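Chemist: Sequence first, predicted coordinates after that:
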Amino acid sequence: MIVEHLPTCRVMPSNQTNSTIGEPKPRLQRAAGLASLATASFLVATKIWAWQSTGSVSVLSSLVDSFLDVLASAITVAAVFYAMRPADSEHRFGHGKAEGLAALVQSIIITISALYVLREAASKLIDPQPITNPAIGMSVMLLSIALTLGLLTFQRYVIRATGSLAISADSLHYQADLLLNISVIVAVAVSAYSDWQLADPLIGFAIAAYIVWSAYGIASQALDVLLDRELPDVERERIRKVAEAHPDVLGFHDLRTRFGGSQYFIQFHLELESDISLIRAHEILDDVEEQVRQLYPRCEIIVHPDPLGVMEHRDRFDEKH
């Protein structure tokens, strides 16, 4: 239920069905976090054996990445458990931003892992070393690919059902892991079965660069949530059109939106006839809210009614509309 490539945040498309809205979100998010933690822990154990057997810097880079995956996944689990706590008297908007904070910490951890890989790759460029027992290294990487694919499939399902930013960030760096593991197989094979020993450190450099790029994407999404960035203009315009489609709505302004990690927050003003009853105004607002929730089932909406023709201060950011 999310648009994967919007530049600012993850948004529910208007033509998406709501078949998964009824899923128990906390249970799914916790299960995804625990699955990620278990997978990363198992891969660390197998890659330690593979690195000791092969001496490959590419395998080492994958080991370091998996080791930090354990830490990142533990942070994800903690953030998901905290973010799912209901709103309370001191956190009236809930605890969803914990997911954004966890994603930001993940991006830092991933960047640190990339810097370590760069250092090891540079060392192997200066002093190339042959790879031993390549079959062990490639077998472990194939196992890693299979487990990562299974985890990504489950994470994708959870993201569609919950819209969780923390699980989305976790999934993004496991996508990077998938490419990393494929690259490691290539590096080990080329270095072991040819005379070109530089393939291992060069591919290690490429892997590290991709990891840094992935970390940048995670950090950008996390900061969008933590800094309350508006939804993309195309989504804001969609909300506007839905509200203005109601026959009793005569004006629309001061739209404000944000994404809180797993929930949307939307507020705007509607202009109505000045002589209608409070009951009728309430009915109109309820109708508009229901239509907006068709686009964003996981949202909290605040709508303010204004009598048509009354002058008031308006949000200057809406001047272009």
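Modeler: Sure, I can see it.

Chemist: Need the three-state assignment for residue 266.
Modeler: On the three-state scheme (DSSP: H, G, I helix; E, B strand; the rest coil), residue 266 is labelled strand.

Chemist: Cross-check the contact I'm expecting between it and residue 295.
Modeler: No: taking CB atoms under 8 Å as the definition, residue 266 is not a contact partner of residue 295, at 9.3 Å. (Each C-beta comes from the backbone N, C-alpha and C, glycine too.)

Chemist: okay, and the common contacts of these two?
Modeler: When CB atoms under 8 Å, 6 or more residues apart in numbering defines a contact, the residues bordering residue 266 and residue 295 alike are residue 239.

Chemist: More neighbours: which of these two?
Modeler: A count of neighbours by other CB atoms under 10 Å puts residue 266 above the other of residue 266 and residue 295, at 24 against 19.

Chemist: what's the spacing between the more buried one and residue 299?
Modeler: 6 Å (CB to CB, to the nearest Å).

Chemist: who touches both of those two?
Modeler: residue 292.

Chemist: Show me what whichever strand or helix holds residue 76 is packed against.
Modeler: Assigned by DSSP states H and E, residue 76 belongs to helix 57-83. The contact analysis (3 or more CB pairs under 8 Å, 6 or more residues apart in numbering; DSSP states H and E) places helix 57-83 against helix 25-54, helix 97-126, helix 134-162, helix 165-193, helix 199-226.

Chemist: Remind me what the first one packs against, helices and strands.
Modeler: Think helix 25-54. Counting by 3+ CB pairs under 8 Å, 6+ apart, the packing neighbours recorded for helix 25-54 are helix 57-83, helix 134-162, helix 165-193.

Chemist: The last one too?
Modeler: Here helix 199-226 is seen to pack against helix 57-83, helix 97-126, helix 165-193, strand 251-259 when contacts are counted using 3+ CB pairs under 8 Å, 6+ apart.

Chemist: If I take the third one and helix 97-126, what angle do their directions form?
Modeler: Taking axes from the mean of the first three to the mean of the last three CA atoms, to 10 degrees, one finds helix 165-193 and helix 97-126 inclined to each other by 10 degrees.

Chemist: What angle do helix 25-54 and helix 165-193 make with each other?
Modeler: Going by the same axes, to 10 degrees, helix 165-193 is angled at 20 degrees with respect to helix 25-54.

Chemist: From the chain's centroid, how far away is helix 165-193?
Modeler: Distance, stretch centre to chain centre, for helix 165-193: 18 Å (CA atoms, centre = their mean, to the nearest Å).

Chemist: I'd like to know which elements it is packed against.
Modeler: helix 25-54, helix 57-83, helix 97-126, helix 134-162, helix 199-226.

Chemist: by contact count, what packs against the fourth one?
Modeler: Translated: helix 134-162. If contacts are counted by 3+ CB pairs under 8 Å, 6+ apart, helix 134-162 sits against helix 25-54, helix 57-83, helix 165-193.

Chemist: how about TSV for the ones you listed, with distance to residue 121, mean neighbour count and mean pLDDT added?
Modeler: TSV is the format used below for those (distance: least, CB to CB, whole Å; neighbours: other CB atoms under 10 Å; pLDDT from 0 to 100):
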stretch	distance to residue 121	mean neighbour count	mean pLDDT
helix 25-54	14	19	82
helix 57-83	6	24	74
helix 165-193	10	23	75
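
Chemist: Out of those helices, flag the one nearest residue 126.
Modeler: Checking the helices and strands packed on helix 134-162 against residue 126 by CB to CB gives helix 57-83 as the closest, at 11.6 Å.
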